[in-house]
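A.B. asks: Here's my sequence, what's the structure:
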Amino acid sequence: MAFGAPVKKYSTKLALEYRKGFGKEGNISIAINPSITWIEQSKMLTLIAPVYIIRGQDKDGKAKGLQGGFSLGYAGCNTEKGLFTAFSDGFAAQVFVTAPFDLFGGLKSED
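C.D. replies: Residues are numbered from 1 along each chain as shown. Below is the predicted model of the structure:
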């Protein structure tokens, strides 16, 4: 949380990511989106590797029903000092579940 008057602050990050979808197995597709980010202020490298599990699509090619996946990450390579954070301190894992969201769906006219 931040308290007090607004303060102008800059953060410089360089990120590279890769996206790849894999074929369907039944009506389930799998996609990956690994990325590496360098944070200039802390001279820190972070690695994140999410895996998405996508269940089927509707006739317009949009995901339908609940979707989900998991993400594994590591933050802890200080490039300035050449030090690595212990894996147990820098490792993170997430599991996520999402539902399709159509912000403008209610605004479409039925022809």
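A.B. asks: Neighbours of the nearest residue to E40 once chain neighbours are set aside, how many?
C.D. replies: Distance criterion C-beta to C-beta, 6 or more residues apart in numbering; nearest residue to E40, sequence neighbours excluded, is T12 at 3.9 Å. All C-beta spots, glycine's among them, are computed from the backbone N, C-alpha and C. Applying other C-beta atoms under 10 Å, we find 8 other residues in the vicinity of T12.
A.B. asks: which residues sit in contact with T12?
C.D. replies: Contacts of T12 were listed using C-beta atoms under 8 Å, 6 or more residues apart in numbering, and they are I39, E40, Q41.
A.B. asks: I'd like these as CSV, with pLDDT, secondary structure and distance to N78 appended.
C.D. replies: Converted to CSV, the contacts of T12 look like this (pLDDT from 0 to 100; DSSP: H, G, I helix; E, B strand; the rest coil; distance: C-beta to C-beta, whole Å):
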residue, pLDDT, secondary structure, distance to N78
I39, 87, strand, 10
E40, 86, coil, 12
Q41, 83, coil, 12
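A.B. asks: Model confidence score at the residue nearest to E40, please.
C.D. replies: On pLDDT, T12 comes in at 91.
A.B. asks: try K64
C.D. replies: The confidence metric pLDDT takes the value 69 at K64.
A.B. asks: Quick one: find the helix or strand in the chain with the lowest mean pLDDT.
C.D. replies: Within the chain, confidence by mean pLDDT, DSSP states H and E is lowest for strand 83-84 among all helices and strands, at a mean of 76.
A.B. asks: I appreciate the help and will end here.
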